[in-house]
Every structure is written in C-alpha cells, then in structure tokens.
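>>> turn this into a structure:
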Amino acid sequence: MITNENISKIDKKLLASDSLRNVIIEKCGLRRIKFPRGNKIESIKLFDNNFKRVPPSIKHCKNLEHLDLEHNRVKHIPRFIARLDSLRSLDLNHNRLKLSESDIKHAAKVKKLSIGGNNIEKLPENIGDLQCTNLNLGKNKLKDLPKSFADLKQVHHLIFYENEFESVPEEIKTLKELEHLDFYKNKLTEIPDFIGNLDSLKYIYLSYNEIDAIPDTLRNLKNLTYFYIHHNKILTIPDWIVEMDSLERLGVGYNKLISMPDMSEMPSLIELNCEGNLLEEFPWKLVFKPGMQFLIVRDNLFELTEEEIEFLSKPREVLIIF
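Numbers count the residues shown, from 1 in each chain. This next block holds a predicted model:
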C-alpha cells in the first residue's frame, strides 16, 4: 500500500511479482500506471489520485475482480472493461463521468457498479442492459429514470442517496428482487403503495425527505429489518408496525409524532430512535424488552421526575438516551 506521497510514477517491476494480488495506491496524485502482462492481481484501489481515464494497462489484469478508482477525474468507462471476465465490482464514485450509452455497454457485465457523486442528471436509455445486482447512483442530480430501468429485475441493492427525486419512480415497481432501497436526502413527499409489493425488501432508507405518512401497504413487507424514516413530517406510526416480526431497527426521529404504539412485544426489535418529536409519554415497557439495545427518546415533551431520571440512569443492557 502506498499513500500520502507525491508520486508521479510506479516502477513496473513492483507490479510484476507473481505473489502480488492487491494493489492500493491512495492520495498520491498519481496520473499514470503500467501493469505488466501476465500479472495475477485481483484487486486494484487507486483512490483519490489524479487519473483522467481508467489506466489502459489494466486490460492486462486478467484476474482482476475489484477495481476502485473513486475520487479521480475519469470521464468514461473504456471498452476493455467489458473484456475483463473476472471483474465483479467497479467503483467510479466521485469522478467526472458523462455516462453515455457506450459506458453502459462497457460496464454491463459488472455485478457491483458504483457511479455516485458524478453530477449525473440523466441516465442513458440503455441503463436496463446492466447485469449488476448492486447499483450505487447516490450523490448525483437525478430526477427521473428511463423506462428501461424497469428491466433491472436482478438488482437487490439500489442507492439513490442525495439526488433530486420528488417521487419514487414507477420503474422501481418491477424490481421484485430488491432488498435494499436508499432514497436518503431527496425531495420525496410520499411513499407509493407499490413499495409494499416489493416483498423482498429488508432495508428501507427514506430519511431527510418531506414524507408525511406511512402507507398501510408497507405492512406486507414481512422481511423488513431496517426502516429509517427520520427527519420527515410523519404524524403517526401505524399500529400494524407491531406486527413486523422481522423489524430490528426503526428510526422515526425528528418527525411530528405525538404518540407511539406499544412495541414491547416485537420479537426482533433491538433499536428505536424517536428523538425530536412531540411525545409526552415515555415507552416504559421497551426498557424491559428482552434483547433491546438502544432506545433514543431525547428532545421530546417528556417531563421526567427525579425518580424516573434516576431509574433510567441505572446500568442496564439497553442504552437509553433521553
């Protein structure tokens, strides 16, 4: 691993070792690198350098599985990427990608594609040709999706963190394999009913939006494990939430809640964050719930007595922040 040095060139001989499997060169300002033919390298991380393009000599890395060029100045995905049959993950977060239809063709076989932080405003019409199961499009400027996005039926991990969506696109309703959905920091005003039909969902992240209600269709998500919807405008948590037997972590802080259902019988719940609401009653039973680990209730309208404060301050398995 090489890091934090002003390096303009890497000796090609250093990359020729038969035992070399991982290359990590970070924050060096490197612009060029030449990988020798016949190398056995499986992972390359050139994080935060000064590459304007994916180094052409990477085409010699026939065993390459993971390529990370995050925080460079790459504009396009080259044709040779499609010929790296072992390549499973490609990370081009925080570059200068134009993301043309050719780029999609070249990255089509990659299973994990990360292209966040590139100021992308529109996705190419052939986006549905991707074969990835993990797709990171966070920190771009997307407002809608092409129709072909609905063809990404194999995707199970989808990130739209910090974009400009005002609604969840209809194209997502066909993604029945989806397990992880992230719309943190967008401009959503509602959760569409069709989300409740994506019954493979385990993780939903909808915090920092303008959502004011949780639709009843979400009760169909029997596999839901993490549900974060803090920093919205939610007025009530539906009573059926207690039927979510798989739910482990629930974040509903900084909404406009005045009451909470009794969640003390939820078998899997280990974390509840309901800070920054308008709650006047404390969920006492949760303090004694077996397996409970974190209970965050600060910045509400509770008026705790000295006895209650002393009780809550005693050492116990559950961490209470009030």
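
>>> Lys139 is in contact with Ile159, isn't it?
No: at 9.2 Å, Lys139 does not count as touching Ile159 under the criterion of Cβ atoms under 8 Å. C-beta: built from backbone N, CA, C; applies to glycine.

>>> quick check: neighbours shared by those two?
Gly116 (Cβ atoms under 8 Å, 6 or more residues apart in numbering).

>>> what sits against the residue most central in space within the chain?
For the chain, the residue nearest the mean C-alpha position is Ile159 (4.7 Å; Cα atoms, centre = their mean). By Cβ under 8 Å, 6+ apart, the contact set of Ile159 is Gly116, Leu135, Asn136, Leu137, Gly138, His180, Asp182.

>>> is it correct that Ile58 falls within a strand?
No: under DSSP: H, G, I helix; E, B strand; the rest coil, Ile58 sits outside any strand and is assigned helix.

>>> nearest residue to it other than its sequence neighbours?
Phe35 (6.0 Å; Cβ to Cβ, 6 or more residues apart in numbering).

>>> dump the residue contacts of that neighbour.
Lys12, Leu15, Ile41, Pro55, Ser57, Ile58, His60, Cys61.

>>> which of those residues tops the neighbour count?
Cys61 (26 neighbours; other Cβ atoms under 10 Å).

>>> other residues contacting stretch 52-63?
With contacts defined as Cβ under 8 Å, 6+ apart, stretch 52-63 is touched by 31-42, 44, 46, 64, 67, 69, 72-78, 80-81, 83-86.

>>> circling back to that earlier point, taking the contacts of Ile159 one by one, which sit in strands?
Leu135, Asn136, His180, Asp182 (DSSP state E).

>>> is the last one bridged to anything, and to what?
Counting by DSSP bridges, Asp182 forms beta bridges with Ile159, Tyr205.

>>> so what's it scoring on pLDDT?
Looking at Asp182, its pLDDT stands at 98.

>>> touching, it and Gly138? I think so.
Yes: Asp182 lies in contact with Gly138 (Cβ under 8 Å); the separation is 7.2 Å.

>>> the nearest residue to Asp18 once chain neighbours are set aside: neighbour count?
Setting aside the residues directly before and after it, Asp18 is nearest to Lys40 in space (Cβ to Cβ, 6+ apart), at 6.0 Å. Around Lys40 there are 14 other residues, counting by other Cβ under 10 Å.

>>> cool, and Arg316?
12.

>>> give the contact list for it.
Residues in contact with Arg316, defined by Cβ under 8 Å, 6+ apart, are Val287.

>>> before we move on, which element is it in?
Following DSSP states H and E, one finds Arg316 outside all helices and strands.

>>> measure it to Ile270 for me?
14 Å (Cβ to Cβ, to the nearest Å).

>>> same thing with Leu90?
35 Å.

>>> for the two, indicate the residue with more neighbours.
Comparing Leu90 with Ile270 by other Cβ under 10 Å, the one with more neighbours is Leu90, at 24 against 17.

>>> pretty sure that one contacts Val110?
Yes: judged on Cβ under 8 Å, Leu90 makes contact with Val110 at a distance of 4.7 Å.

>>> max-length helix in this structure?
helix 306-313 (DSSP state H).
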